[in-house]
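Visitor: pasting the sequence and the predicted model now:
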Amino acid sequence: MQTFQRMNPLNTAASLLACCMLWVMGCDHKVPSDTANKAQPVVVYVSVDRAFAEPLLNKFAEQSGLEVKPVFDTEASKTTGLVNRLRTERDRPRADVWWSSEIFGTIELAQDDIFAPYEPVTASDIPKTFRAQDGLWTAFGLRGRVLAYRRDDDDNAVEPPNSWWDLTDARFKDRCVLADPRFGTTRGHMATLLSEWGEDNFRSYLKQLKANGVKRATGNSHAVILVRRGVADWGATDTDDVVVGQARGDAIEMVYPTLTLPNELSDNSEGASDRLNAPLWIPCSVALVKGARNPDGAKKLIDLICSAETEMALYESESRNIPVRESLRKQLGIDAPSAADVDYAAAARRLGDARRIIDEVALFE
């Protein structure tokens, strides 16, 4: 069973501030103070947790001389609220930068012509898998989809699930919670299952989860809290929510279910079983808003967000985002499960279908 090493929460802000200093010191295009005072603020819509994003944005503003105005999403409507806001404002954009805690909504917005191409100067060492070919987004900083459980819980002495499908088994009846699948990484998780499993299997899965008594949490962090309190034995969540819980003293651990289907349902063509026999990892992402009022400032901020220093700082923070840069993984000695080989763009195209099927099944009725 794989877990992350717990980090001292006091290192979080210091790590992020240090990364900003490194980036600014190496930057060739500092903004003169007289220009900065007259410039439009850099408005950034952020679905990354405030505790991780705010120190970096504050230090960038201090060192660059640019005013930064972040707009954060709520936990309950994580990502989706700001995605809808960007669509509403597309003809008169108010945001310059979109910084998301996931990739699916970003790809969806790119397909809707919300973003302008920009290839960050700091992203040349990010694998091409995590960079849009048309330059509309860049991804980094992975979080895994996991199941949280209480450590040393005698009532939870059952074999852990190997795959997400295993949650339909009777041994997990009335013991699991799942964040609202209309929002955040859970939304992308469900769309990925639909994309990879097909509609018949996905619909069957939801029906069996419902029959097995899965309960709804208001968000991923709430799922961890419900597990900690003993309301549930297993909580579907992200790695960072478990790490944060561990840092505050919660006696919880996590397992990494794979995306594999039962043998009788799986499609073995083109090595589908091998490709999905691993956990789902979801990257953060950033993009330049089309029609940004301060495109120059926005690009400088995007350069910082995509830098290796920021990826390292995010790993060293409570978030523990796993770098997409292989060199950083080796440097930091990271030993984390390999990611399932999923098509993020294909999953993004199924977001609407996944929600429709979830509503039809009435998962949490």
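Guide: It's in. Numbering: from 1, shown residues only.

Visitor: show me how the chain divides into domains.
Guide: 11-142+282-332, 144-279+344-361 (automatic domain parsing).

Visitor: from the chain's centroid, how far away is stretch 350-361?
Guide: Taking Cα atoms, centre = their mean, to the nearest Å, one finds the center of stretch 350-361 at 20 Å from the center of the full chain.

Visitor: buried residues of that stretch, list them for me.
Guide: Across stretch 350-361, burial judged by 16 or more other Cβ atoms under 10 Å covers 350-351, 354-355, 357-358, 361. All C-beta spots, glycine's among them, are computed from the backbone N, C-alpha and C.

Visitor: rewinding a little: for Ser338, which of the domains of the chain is the nearest?
Guide: domain 144-279+344-361 (5.2 Å; Cβ to Cβ).

Visitor: what's the average pLDDT for the closest one?
Guide: In this model, domain 144-279+344-361 carries a mean pLDDT of 92.

Visitor: first-to-last residue distance for that domain?
Guide: 26 Å (Cα to Cα, to the nearest Å).

Visitor: for that domain, the distance to its chain's centre please.
Guide: Worked out by Cα atoms, centre = their mean, domain 144-279+344-361 lies 15 Å from the chain centre.

Visitor: start at 41 instead
Guide: In the new count, where the first residue is 41, that last one comes out as domain 184-319+384-401.

Visitor: check which residues of stretch 81-88 are buried.
Guide: For stretch 81-88, by 16+ other Cβ under 10 Å, it's 82-88.

Visitor: want to throw these into a markdown table with pLDDT, secondary structure and distance to Tyr296?
Guide: Compiled in a markdown table, these are given as follows (pLDDT from 0 to 100; DSSP: H, G, I helix; E, B strand; the rest coil; distance: Cβ to Cβ, whole Å):
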| residue | pLDDT | secondary structure | distance to Tyr296 |
| --- | --- | --- | --- |
| Val82 | 97 | strand | 37 |
| Val83 | 97 | strand | 36 |
| Val84 | 97 | strand | 31 |
| Tyr85 | 97 | strand | 30 |
| Val86 | 95 | strand | 27 |
| Ser87 | 90 | coil | 23 |
| Val88 | 87 | coil | 22 |
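
Visitor: of the residues you listed, closest to Gly184?
Guide: The closest of these to Gly184 turns out to be Val88 (Cβ to Cβ; 16.1 Å).

Visitor: on that earlier part again, which ones among the buried residues of stretch 390-401 lie within helices?
Guide: 391, 394-395, 397-398, 401 (DSSP state H).

Visitor: tally of neighbours for Ser244?
Guide: By other Cβ atoms under 10 Å, 16 other residues sit near Ser244.

Visitor: how close does it get to Trp237?
Guide: 9 Å (Cβ to Cβ, to the nearest Å).

Visitor: and the gap between the closest residue to Arg333 other than its chain neighbours and Val382?
Guide: The shortest distance from Arg333 to any residue other than its chain neighbours is 4.9 Å, reached at Gln80 (Cβ to Cβ, 6 or more residues apart in numbering). Per Cβ to Cβ, Gln80 is found 38 Å from Val382.

Visitor: which strand runs longest in the chain?
Guide: When the chain is scanned for its longest strand (criterion: DSSP state E), the result is strand 178-190.

Visitor: packing partners of that one?
Guide: Other elements packing on strand 178-190 under the criterion 3 or more Cβ pairs under 8 Å, 6 or more residues apart in numbering; DSSP states H and E are helix 224-237, helix 260-268, strand 274-278, helix 279-287, strand 292-295, strand 321-329, helix 348-356.

Visitor: which of these sits most buried?
Guide: Burial of these is given as mean neighbour count (mean count of other Cβ atoms under 10 Å); strand 274-278 ranks first at a mean of 29.

Visitor: wait, doesn't Val111 sit right on Tyr85?
Guide: Yes: counting by Cβ atoms under 8 Å, Val111 does reach Tyr85; the two are 5.0 Å apart.

Visitor: now for the two: what residues contact both?
Guide: Jointly contacting Val111 and Tyr85 under the rule Cβ atoms under 8 Å, 6 or more residues apart in numbering are 122, 135.

Visitor: related to what we said a few turns ago, possible to save the buried residues of stretch 81-88 as TSV with distance to Glu349?
Guide: Formatted as TSV, the buried residues of stretch 81-88 follow (distance: Cβ to Cβ, whole Å):
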residue	distance to Glu349
Val82	19
Val83	23
Val84	18
Tyr85	23
Val86	18
Ser87	21
Val88	16
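
Visitor: relative to strand 178-190, how tilted is the one helix or strand Glu102 maps to?
Guide: According to DSSP states H and E, Glu102 maps onto helix 90-104. Put simply, helix 90-104 runs at 150 degrees to strand 178-190, going by axes from the mean of the first three to the mean of the last three Cα atoms, to 10 degrees.
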